[in-house]
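*Asks:* following is a predicted model, sequence given first.
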Amino acid sequence: MPTGAAASSRMLFNVGSTTACVRVFPPAYISFGQVKYGCRVAFQEAAKVSELGNGGFCFMPLSPSCRIRGRNNSANHKRSQARRVRDRPLSETNNRTGEDDKDNQTTVRDAQILVTAPEERLSVGDGSGLRSQGSSTETDASISEVQGIDENGASSGVPAERLAASNGYGESSGVNDLMLLVKEAEKNIRTLNQLRGRAVDELQSARDAKEDLLSQVEILKARLAQSEAKLESTARAREKAQLLEEEVDLLKSRLAQTEADSKAFTKLKEENKALQESLNSLQQSGGKGILETKYQNSLDEVNSLRVHLADAQAEIAKFSKGPGRERAGLQEYIAGLENKIADMERQLAEANINSAELDSLKVEGMSLHEEAAALRIKLAGRSDNTLLSLAGGDTDDQSLHRQVETLQSMLARAMAEKDALTRVHSENVQLREQVELLEERIRESDAEIHAQLQIYTAEVEAFQASLDDLKSGNEVNVVQVPVGEMPWDFWSGLLLRIDALMLGDLLNQEDAKELQLMAWQRDKRLRDVYVNHEDENDEGLAGKFMDLIQPKRRPGIYVIHIAAEMAPVAKVGGLGDVLTGLSRSLQRKGHLVEAILPKYDCMDYSRIVNLKELDLELHSTFDGQIHKNKVWCGIVEGLPVYFIEPLHPAKFFWRGQFYSEPDDFRRFTYFCRAAMEFILQSGKRPDIIHSHDWQTAVVAPLYWDIYVPLGLDSARLAFTCHNFEYQGAENSGAIAACGLSARDLMRPDRMQDNSFHNKINLLKGGIVFSNVVTTVSPTYAQEVLRPEGGKGLHGTLGVHSKKFFGVLNGIDEEVWDPSTDVLLDYQYSAEDIDGKFINKQKLRERLGLASQGDDEKRPLVGCVTRLVPQKGVHLIRHSIYRTLEKGGQFILLGSSPVPQIQHEFEDIARQFEKHPQIRLVLKYDEALSHSIYAASDIFVIPSIFEPCGLTQMISMRYGTIPVVRRTGGLADSVFDVDDERNPEEKKNGFVFDDPNEGSLNWGLDRALDYYTQRPEWWQDLVKKAMLMDFTWDASADQYVELYKQVLSKTKV
C-alpha cells in the first residue's frame, strides 16, 4: 500500500435508496471517484452530476480550486496534506480503492458528456453547475455508486473491516456536515427534475402549437399568392381587352374607309355610265340643240340666283332700318334656317353613331382599367396585413387565429373576383367574335372591291378582246397556243419526263436523245403528243413518242452546270444568282441547260416545282467503298435541276447549313464524284460541263482521269471562279477519297498548292484541267494576275492566261424590277419615279426614322452587305457617322460570320437604337433588302476588293445611285459623274480610289451635296441609272462564244 494509505478509511452513507462509499482522509480530505477534494464542499456550487445507465447519479470530480480547508486544522498541516494528496499518482489511488482503469475512464467520459451539454443546464441554489442528460422520467434524486458499489449495495473489492472502520469515523462532525449537504442536494435535484419534466411538456406543447400555426400561415400564404396570381391574370385580361378595343377601333376605321372607297367607286362607275348614256343620246339626237338649251337654262338659273341675292340684300337693308313687322319676318326666316340646321345636325348625329359606340367602348375599357388598379391596391393592402400577422405569429396565438379568419374572408372575396374574371373572359370572347365579324366584313368588302376593279380594268384595257371571247364562246386550247409562246416550265417538264422514261428502260439512250433534240427545237408535233397523252402511263406515252422519232440536228449547246448554289433554292452569295441568271439567259437563246446540285436539308423546297425522286439506283465510290445515292429532279425558275442526296453515314448535306462545316472538303469532293457518276450512268452526252468555285473544281480532274476512259468523252470543261479568296486547300492525302491519285496530282504544274507544298489545291485543279476559265469581271481578271489579287494563284493564271477571261455578271431583270416587285409598298418605273419617295417614307415609318418636316428632305443612304473584311467594314462604319455629320439618314442591313465584327456593329446598333436618323438591322432579310434598294437615294459599296458585285447593279435598277471604290466589277459597272474621261451616257454614280476614310469622304460628300443642291439634276441621274442595261443577254453571248471556241478545238 502506498504511503499515506493507512491514514484513510472508508464509510458507508445512504442517499435515498442508494448506498455510497466515501473514503475519509484525516483530518480534512475525502475522495470521490479516485480524486481527492476538500471535505468542506458547498455542493450547490461544486457538485457535478452525471446520469448513469442504472438511473441513479454519481458525483463527478471537482477542480482543484474547489478544495476547501477543513475545520480545526492548522495551516501547515493542511498544506502538507494537500501536497501529499496532490502529488499522489493516479495509479496508486486506483490500487488503494480497488478500482480499475475502465471505471476511471467511464467516470471521465461521463464528465465529458455533461460538459458537452450546456443547453440542458439547470441552476441550483446560487448558481452551481448541475447538468441533466435529458431524461424526462421523474425519479428520486440519488447518488449512485462511485467507488465499487453495485446496485444491491455490496462492495466491489473493498474489505468488510475497512467498511466497519469507516463507520466509526462517520460520527465526526465533517461527515455529519457532508450528509446534511448530500440530503439537501437530493431534495433540490428531485424538485428540479419535477420542474424540468413539466417545463419539457409545456415546451413540447408550445412547439406543436407553433408548428400548427406556421402550417396554417403557409397555407394562407399560398392562397394569398394564388389570389395575387389571379388578380395579375385579371390585369392581363384587362390589358388584352384594351388591345382588342384598339383593334376594333382600327378595324372599324378600315371598314369605314373601305366602305367609303366602295361607295366612291360605285358612284364613279354610275357617273361614268350616266355620262356614257348621255353621250350616246346626244350622238343619236344631234345633241347641239340640247346643249344650247341646257346652256340657256343654266344662264336662267344664274340670273334667278342673282335676283334672289338682290332680294336677300334688300331684306337685310329693310331689317336694318325697317319696322318691327319686317324684323319679325326676318326672324321667322332665321328660325326656318335654324330648323334646317337642326335637321342637318340630326343627320350628322346619325352618321356618328359608330363613333359614339367606339367612345362608349373606350369608356368601358377605362373603367375596367380603373377596376384593375383598385384590385391591385386591395391586394397590396392584403399583402401588408399578411406580413404583419406573420410577424406576430410566434407570440400571440389569438392574433394568429383572427388573422386566419381574416385571410379566409379575403379568400372568399378572391373567389368572387374570380367569378368577375370569368365574366371578363366571356366579354373578351364576345369582343373577339365582334372583331372576327368585322374582319369578315372587311375581307368581303376587299374581295368585292378587288372584283370590281378587275372588271373595270378588263372593260377599259381589253374591251375588244373580251367581245371576241364572248363571240367565240370557246376556251383556247393548249394545242392552239403557238409553240414559241409555250412557257419554259412546259419544255423543262417534258425533258424531265423523257429522262424518266429512259431511266425506266422504256426508251433507249438513242431514242431519248432524238426526243431531246425535238424538244430543243420546240417541235409542234412533240408538243401535241405530250399534251394529249400526258396523263397516260409511262408505257403508253413512250409508245407515242416512238412514233415521232426522226433524226434531228442539235439546235444549240447542251450545258450541264455542277455547282453548290442556285438561287432561289440554295443561295449564300452571288454564285447562286449567277448560276440562275446565266442559265435562264442561255435557255432563252435556245440552248439546253441543266443543273446538278447537292440536296441540302436547308434548301427552300417551296421554290422547286414538281420535285420527285427518280427511280434510279446511283452508286458512287468514296474512300474505296461503294455508296448509294438518291437522285431527285424538279424545276427551278423554269430550269431542269437534279439534286443528289448521298446515303453516306456522315450525312454530308443534312447539316442545317450550306457551308462552314469542318469536313467541307470531303462533302463536296463526294458530291462531285456522285454528279459525274450520274452523268455517266444516265447516258447524258453534254457539250459543256460547267463547274463553279472550289466546291466543284475537282470535276475537271475527275473527268479526265476517271470518266473519259469510261466513255464519257463528249464534253469540254468550263470553270468559273467567283472569288479567288477561297481555294479549297487540304492535306494531299484527302484527294484520294474521291478516287484521284495524290501522287500524280501533287506536282507544281497540277494541283500542288503554290504556298503550302504539302497541300492540294482544288481551285488550282479547276484552272489547270479545264478547257476555259472565267471570272466574273474584266477588271478582276486583271487584278488576280498580280500577287496581291491572285492569292497565290497569279503564277498559275499567268501560265494559263490564254484560256482565262473576265466576263461581267448581270442581273435577272425579271426578278429585280421595281415596276413588278411585289415586296415593295409601291411599284414604280423610270417613267414614273414618284413611287420611290412613297417607298422611302414607308421604310422610314417601319424602321422608326424621322420622316416629317425637314427630315422628309434628308437623303437616305443604304447599305446591304455581308460584314466581312473584303467589304471594307471600317469604311462602312465610317460612312454611318459621316452621313449623320452631313445631315443624312443611314440604313444598314447585314450580318457577319466574324464574331468580333458582329459584336462591334451590335455595339453601334445599340448606340443608335432609338436615333431618328440611323438604323442598323444585323441580319439578312430578303424583303427588307428590296425595300432598302427602292427607298434609298444613295448606296454605299466601299469594298476592299470585289470580283463583280451585284448590289450596285440592283441599286441602279431601283434608281439608287451607288458610291463605290474603284475595284473589280465595281470599276466595270459604275462610272463617276465628274470624270470627263467617261462618256456622258455611261455616267451613273460616284467612284473613289483608295480604301481609306478620306477617299470615301470625297465620293460620299459629293453624292450628298448633289442630292441636296441639285435636285432636278439628281432626278435625271436616277432615271438614267434605271435605264442602264445590266441584263444577262450580253454576258450570255460571251459565254456562248467561249463555249463554241472550245468545242471547235480538239480535246486536250
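*Replies:* Yep, that arrived. Numbers count the residues shown, from 1 in each chain.

*Asks:* report pLDDT for residue 221.
*Replies:* What the model reports as pLDDT for residue 221 is 79.

*Asks:* what segments of the stretch 401-550 of the chain are helices?
*Replies:* For the stretch 401-550 of the chain, helices defined by DSSP state H, counting those that start in this stretch occupy the ranges 463-472, 488-503, 509-520, 524-533, 538-546.

*Asks:* mean pLDDT lowest where, among those?
*Replies:* helix 463-472 (a mean of 54).

*Asks:* thinking again about what came up before, closest one to residue 949 among the helices of the stretch 401-550 of the chain?
*Replies:* Residue 949 sits nearest to helix 488-503 of all the helices of the stretch 401-550 of the chain, at 28.0 Å, using Cβ to Cβ. Yep, even glycine has a C-beta here, placed from its N, CA and C like the rest.

*Asks:* average model confidence for the helix or strand hosting residue 905?
*Replies:* Using DSSP states H and E, the element containing residue 905 is helix 899-911. Mean per-residue pLDDT for helix 899-911: 95.

*Asks:* coming back round to it: Throw the helices of the stretch 401-550 of the chain into CSV and include mean neighbour count, thanks.
*Replies:* Formatted as CSV, the helices of the stretch 401-550 of the chain follow (neighbours: other Cβ atoms under 10 Å):
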stretch, mean neighbour count
helix 463-472, 10
helix 488-503, 20
helix 509-520, 20
helix 524-533, 16
helix 538-546, 16
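
*Asks:* quick revisit: helices and strands around the helix holding residue 905, which ones?
*Replies:* Contacts defined by 3 or more Cβ pairs under 8 Å, 6 or more residues apart in numbering; DSSP states H and E place helix 899-911 against helix 873-885, strand 918-921.

*Asks:* now the end-to-end length of stretch 755-767.
*Replies:* Chord length of stretch 755-767, first to last residue, is 16 Å (Cα to Cα, to the nearest Å).

*Asks:* hmm, I typed the wrong one, I wanted stretch 991-1000.
*Replies:* One end of stretch 991-1000 to the other measures 9 Å (Cα to Cα).

*Asks:* so how many other residues sit close to residue 207?
*Replies:* A count of nearby residues for residue 207, using other Cβ atoms under 10 Å, gives 10.

*Asks:* which one of the helices of the stretch 401-550 of the chain lies closest to residue 706?
*Replies:* Go through those one by one with Cβ to Cβ and the one that ends up closest to residue 706 is helix 509-520, at 20.5 Å.

*Asks:* what residues does the closest one touch?
*Replies:* 491, 494-495, 498-499, 501-502, 507, 525-526, 545-546, 548-556, 590, 592, 683, 685 (Cβ atoms under 8 Å, 6 or more residues apart in numbering).

*Asks:* so which of the helices and strands packed on helix 899-911 gets nearest residue 597?
*Replies:* Using Cβ to Cβ, the helices and strands packed on helix 899-911 put strand 918-921 closest to residue 597, at 29.6 Å.

*Asks:* want to throw the helices of the stretch 401-550 of the chain into CSV with distance to residue 452?
*Replies:* CSV is the format used below for the helices of the stretch 401-550 of the chain (distance: least, Cβ to Cβ, whole Å):
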stretch, distance to residue 452
helix 463-472, 16
helix 488-503, 32
helix 509-520, 43
helix 524-533, 36
helix 538-546, 45
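
*Asks:* quick check: which of those helices is nearest to residue 902?
*Replies:* helix 488-503 (40.5 Å).

*Asks:* before we move on, back to that, the helices of the stretch 401-550 of the chain: which one's closest to residue 943?
*Replies:* Nearest of the helices of the stretch 401-550 of the chain (Cβ to Cβ): helix 488-503, 34.6 Å.

*Asks:* what packs against that closest one?
*Replies:* helix 509-520, helix 524-533, helix 538-546, strand 609-613, strand 625-636, strand 639-646.

*Asks:* adding mean pLDDT, distance to residue 728 and mean neighbour count, write the helices and strands packed on helix 899-911 out as JSON lines.
*Replies:* JSON lines is the format used below for these (pLDDT from 0 to 100; distance: least, Cβ to Cβ, whole Å; neighbours: other Cβ atoms under 10 Å):
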{"stretch": "helix 873-885", "mean pLDDT": "97", "distance to residue 728": "25", "mean neighbour count": "19"}
{"stretch": "strand 918-921", "mean pLDDT": "96", "distance to residue 728": "32", "mean neighbour count": "20"}
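
*Asks:* let's have those in CSV, adding distance to residue 179.
*Replies:* Formatted as CSV, the helices and strands packed on helix 899-911 follow (distance: least, Cβ to Cβ, whole Å):
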stretch, distance to residue 179
helix 873-885, 103
strand 918-921, 100
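
*Asks:* quick one: residues contacting the spatially closest residue to residue 1035 that is not a sequence neighbour.
*Replies:* Counting by Cβ to Cβ, 6 or more residues apart in numbering, residue 1035 lies nearest to residue 810, which is 4.8 Å off, once chain neighbours are set aside. Contacts here follow Cβ under 8 Å, 6+ apart; on that basis residue 810 touches 581, 585, 953, 1030-1036.

*Asks:* can you turn the buried part of the residues you listed into a PyMOL selection?
*Replies:* In PyMOL, a selection of the buried entries from the contacts of residue 810 looks like this (16 or more other Cβ atoms under 10 Å):
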select buried, resi 581+585+953+1030+1031+1032+1035+1036
